[in-house]
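A predicted structure for the sequence below; I have some questions about it.
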Amino acid sequence: MKFVVSIYQDEDGAYISECPSIPGCVSQGQTEAEAQANIADAIRECLAVRAELGMPLTVTTREVEVTV
């Protein structure tokens, strides 16, 4: 399966990775590559737990346009 993830650097220099379509699926790493590898592991774990609990595996995400 393919998922969209976001990876950004926090104020302490760590890279935070999140998968918006799986609520609470967050990880981190010292580099972008490490954060990407860690979120892949987190996605697998989150999907397994959600399946065990009978929850939907993902939620709907969408793009919205906001004027600023």
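Yep, that arrived.

Residue ranges in the chain under the pLDDT threshold?
Scanning the chain for pLDDT under 70 picks out nothing.

ok, the spatially most central residue of it - contacts?
The centroid of the chain falls nearest to Cys19 when counting by CA atoms, centre = their mean (2.0 Å). Applying CB atoms under 8 Å, 6 or more residues apart in numbering to Cys19 gives the contacts 3-5, 25-26, 39, 42-43, 46. The way it works is simple: take the backbone N, C-alpha and C, and place the C-beta from them, glycine included.

Among the residues you listed, which one lies nearest to Glu11?
Val26 (16.1 Å; CB to CB).

That closest one touches Ala42, doesn't it?
Yes. Counting by CB atoms under 8 Å, Val26 does reach Ala42; the two are 7.0 Å apart.

Looking at these two, which is more packed in?
Each of Val26 and Ala42 has its neighbours counted (other CB atoms under 10 Å); Ala42 has more, 20 against 16.

Quick one: the helices in the chain, in order.
Secondary structure of the chain (DSSP state H): helices at 32-52.

what number of residues lie near the closest residue to the residue nearest to the centre of the chain other than its chain neighbours?
Among residues not flanking Cys19 along the chain, Cys25 sits closest, at 4.2 Å (CB to CB, 6 or more residues apart in numbering). Number of residues near Cys25 (other CB under 10 Å) recorded here: 22.

Cys25 against Cys46, yeah?
Yes. At 4.3 Å, Cys25 counts as touching Cys46 under the criterion of CB under 8 Å.

Quick one: end-to-end length of stretch 1-19, please.
Using CA to CA, to the nearest Å, the end-to-end distance of stretch 1-19 comes to 13 Å.

Provide a list of residues in contact with Glu32.
Here Glu32 is in contact with 7, 15 (CB under 8 Å, 6+ apart).
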